[in-house]
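Visitor: my questions concern the predicted model and sequence given below.
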Amino acid sequence: MGLQGQIIPYKNGEKEEDDDERAGKEISPFPPPPLHSKFAVVGYALTSKKIKSFLKPKLEGLARNKGILFVAIDQNRPLSDQGPFDIVLHKLTGKEWRQILEDYRRTHPEVTVLDPPDAIQHLHNRQSMLQCVADMNLSNSYGKVGIPKQIVIKKDASSIPGAVAKAGLMLPIVAKPLVADGSAKSHELSLAYDQQSLQKLEPPLVLQEFVNHGGVMFKVYIVGETIKVVRRFSLPDVCKRELSNIAGVFRFPRVSCAAASADNADLDPGVAELPPRPLLEKLARELCRRLGLRLFNLDIIREHGTRDRFYVIDINYFPGYGKMPEYEHIFTDFLLSLVQNQYKKKST
Ligand SMILES: O=P(O)(O)O[C@@H]1[C@@H](OP(=O)(O)O)[C@H](OP(=O)(O)O)[C@H](O)[C@H](OP(=O)(O)O)[C@H]1OP(=O)(O)O
Ligand SMILES: Nc1ncnc2c1ncn2[C@@H]1O[C@H](COP(=O)(O)OP(=O)(O)O)[C@@H](O)[C@H]1O
Ligand SMILES: [Mg+2]
Ligand SMILES: [Mg+2]
């Protein structure tokens, strides 16, 4: 079964209508936009890559029909002189930009900044990124969600074999740059097969046990209270024989970017089966609360040979929603719900 149309809203469990049927003739379930302007104004500060993949004509068209206007933020002018905005949507890096946003949040509490810069900052370090998942210790009748056993190596590659042995990490080991700032370098991943090769790695790093997961992972996209899951191909399992015959470090430039959708692939059902919906709902809701974020996705894998043992391996702020089926409807409804909440707050 393909995943198209698999929407998991927390609240009502209603299924979205067919994309094509609704395109262009949206009847909004929300009351009209606020009184101060005809449109709800969403200021955006995004890279050109993001504008291309996210702000597609279909999204802008649908938004306009629902009373939402996207307006580009001019980074060379003070934010307060622009707008007025109801919402600020952003994904740019740099200390200066963070400070501008923090100041703006303080002086414009009526504007929803998606999301707060300090909360996003939490995801820019691969150790702090997964801490919330570890703290949650989610385990119920639907399954158990954890993170792979991991350690952080800040410097000194020669200390790695000792640190790995002391922590009891099993080979093979995945090495990821500690900083996840969106740069090409931060997505470079290495797989080390033997103890000796570990010294070839370049700190600062997070070292994680490689968890066999049948070569398929799940991307869980979160937009406010809505979650949507897609399947992607991933790194293949490493078997014991391979482990004893292969030595060295294997480097991958950007695994997840190269990974194709596995939604319609003919897969072993035990590998392809989506994680249970109630488990993902609980995980997503808790992560939204703990991280203070509304726009993110997480990469989750199922330990091969188990039914209900899951590991979160990555969390990304404002990911590639363009690859999430029906994101235009989900995103515009989300923006409207935010504006509506602001309006309610103002009138009470
Ligand atoms: O460009 P895309 O559509 O592949 O999106 C990237 C994400 O892919 P995904 O939605 O998970 O498939 C990607 O996810 P992964 O880290 O590759 O799992 C990141 O979120 C990436 O942002 P950044 O480089 O970490 O700042 C995202 O890149 P930006 O679009 O934010 O630059
Ligand atoms: N601990 C792990 N066990 C097995 N595979 C992993 C593990 N960590 C990462 N991977 C694989 O490597 C890919 C990239 O790692 P990830 O942490 O998602 O980095 P990125 O932020 O660059 O996407 C994942 O999508 C998955 O295919
Ligand atoms: Mg990833
Ligand atoms: Mg990532």
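Guide: In hand now; what should we look at? Numbering: from 1, shown residues only. Ligands and ions are numbered 1, 2, ... in the order given.
Visitor: residue 179: how many residues sit nearby?
Guide: 15 (other C-beta atoms under 10 Å). No exception for glycine: its C-beta is placed from N, CA and C like everyone else's.
Visitor: please name the residues that touch it.
Guide: Going by C-beta atoms under 8 Å, 6 or more residues apart in numbering, residue 179 touches 124, 125, 126, 186, 204.
Visitor: who wins for neighbours among the residues you listed?
Guide: In terms of neighbours by other C-beta under 10 Å, the contacts of residue 179 top out with residue 126 at 22 neighbours.
Visitor: so what's it closest to, chain neighbours aside?
Guide: In space, and not counting its chain neighbours, residue 126 is closest to residue 206: 4.4 Å by C-beta to C-beta, 6 or more residues apart in numbering.
Visitor: the residue of the chain found nearest ligand 1: what's it in contact with?
Guide: Nearest residue of the chain to ligand 1 (C-beta to the nearest ligand atom) works out as residue 320 at 2.0 Å. Contacts for residue 320 (C-beta under 8 Å, 6+ apart) come out as 53, 54.
Visitor: what's the pLDDT at the residue in the stretch 51-200 of the chain that ligand 4 sits nearest to?
Guide: Of all residues in the stretch 51-200 of the chain, the one sitting closest to ligand 4 is residue 180 (5.7 Å; C-beta to the ion). For residue 180, the model assigns a pLDDT of 97.
Visitor: that one contacts residue 123, doesn't it?
Guide: Yes. Counting by C-beta atoms under 8 Å, residue 180 touches residue 123, with 6.7 Å between them.
Visitor: what is in contact with the two at once?
Guide: Taking C-beta under 8 Å, 6+ apart as the criterion, residue 180 and residue 123 both touch residue 129.
Visitor: tell me how far the residue of the stretch 51-200 of the chain found nearest ligand 3 lies from residue 179.
Guide: Proximity of the stretch 51-200 of the chain to ligand 3 (C-beta to the ion) peaks at residue 187, 7.9 Å away. Going from residue 187 to residue 179 by C-beta to C-beta, to the nearest Å gives 11 Å.
Visitor: what's the answer for residue 226, then?
Guide: For residue 226 relative to residue 179 (C-beta to C-beta), the value is 30 Å.
Visitor: Three-state assignment for the residue nearest to residue 126, please.
Guide: Counting by DSSP: H, G, I helix; E, B strand; the rest coil, the backbone at residue 206 sits in strand.
Visitor: return the set of residues that bridge with it.
Guide: Beta-bridge partners recorded for residue 206 (DSSP bridges): residue 152, residue 176.
Visitor: who's in contact with it?
Guide: Residues near residue 206 by C-beta under 8 Å, 6+ apart: 126, 127, 150, 151, 152, 153, 175, 176, 177, 178.
Visitor: could you measure from it over to residue 184?
Guide: From residue 206 across to residue 184, the span is 18 Å (C-beta to C-beta).
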